[in-house]
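**Q** below is the sequence, then the predicted model.
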Amino acid sequence: MIEDYEIFRNDQPQTKRSPWIELLMSLVFIQTLLFLLPVISGAADAVPADAIQIRIVANSNTKEDQEIKSLVLQEIQPLLQKATDTFQTTAQLEQELTQVSKEFSQKAGDITEQTIHIGLAKALIPPKKDGIHFYGQDFHKALVITIGSGKGDNWWCALFPKVCYQEEEVVEEPVKFWTWDWIKSKF
C-alpha cells in the first residue's frame, strides 16, 4: 500500500500576473532594444573621430550664390581627390590640404570675385542622416571654404552629396483601421 503523504496547504492567496501586464512589459523591453540598436550596430561610429570633413559655406542663400558654391566644388573636387589619394595619416592629409589651399583659392578666384577664406580648424557640423546612419551635431576638424561673408546654408560634407541632401519624402496615405471604420459606420 502507498504511504500517505502529508499535504501542506498555503493559506495565503496566490496572485497571478495579468497577461496584459506581461504583454506591456514585453513591449517595453522590445522598444528598449530597438532604441539601443543604432548604438549597438556602430552607426554612431560611422565617421571616424580623426576624419577631416569638407565644408563649403556660400555667401548667402540666393540662387546665384548657391550656384557659385556648386561651381567652386566642381573646380576643387579634383584637387581634393588628389590630396586624399596620396596621404597615409591624418597629419599628412592636413599638410597636403594646407599646401593645396593656395590652389583652391586660385581656382575659386577664377569663378567669383568674392573673397575666399580657406582654413583647417574645428567646425560645428550639423546633424545629418544618411540611410540608416545618423551623424549627430558635433565639432569636427574640417577644411572650411567660406565664400564672401559666409552666411548661406552649408554642406557639411561637399564630397558626398548623398549625405548632404535629404531623400525625397514620399507622401503616404493615412492609415485606416478597419475596426474604427466599422465602429464609425455603426453609429
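**A** Everything's here; your move.

**Q** only C-alpha atoms for contact and neighbour calcs from this point on.
**A** Fine.

**Q** how about the helices in the chain?
**A** With DSSP state H as the criterion, the chain has helices at 19-41, 63-85, 90-111, 161-164, 178-186.

**Q** of all those, which one is nearest G152?
**A** Nearest to G152 among the helices of the chain is helix 63-85 (8.0 Å), distances taken as C-alpha to C-alpha.

**Q** for burial, what's the neighbour tally of I54?
**A** Using other C-alpha atoms under 10 Å, I54 has 21 other residues around it.

**Q** and the nearest residue to Q53 once chain neighbours are set aside, bridged to which residues?
**A** Once flanking residues are discounted, Q53 sits nearest to A142: 4.4 Å by C-alpha to C-alpha, 6 or more residues apart in numbering. Note on A142: beta-bridge partners by DSSP bridges are Q53, A121.

**Q** just checking, A142 touches A123?
**A** Yes: the criterion here is C-alpha atoms under 8 Å, and A142 meets it with A123 at 5.9 Å.

**Q** these two: who's more crowded?
**A** Legend: neighbour count by other C-alpha under 10 Å for A142 and A123, higher for A142 (21 against 17).

**Q** the bottom helix or strand of the chain by mean pLDDT?
**A** Ranked by mean pLDDT, DSSP states H and E, the weakest helix or strand in the chain is helix 161-164, scoring a mean of 49.

**Q** give me the below-cutoff pLDDT ranges for this structure.
**A** Scanning the chain for pLDDT under 70 picks out 1-2, 14-15, 38-50, 130-134, 153-170.

**Q** try 80
**A** Within the chain, the set of residues satisfying pLDDT under 80 comprises 1-5, 7-17, 35-54, 61, 63, 83-90, 124-138, 151-173.

**Q** can I get the helices of the chain in TSV with distance to E172?
**A** Shown next, in TSV, are the helices of the chain (distance: least, C-alpha to C-alpha, whole Å):
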stretch	distance to E172
helix 19-41	23
helix 63-85	31
helix 90-111	42
helix 161-164	23
helix 178-186	18
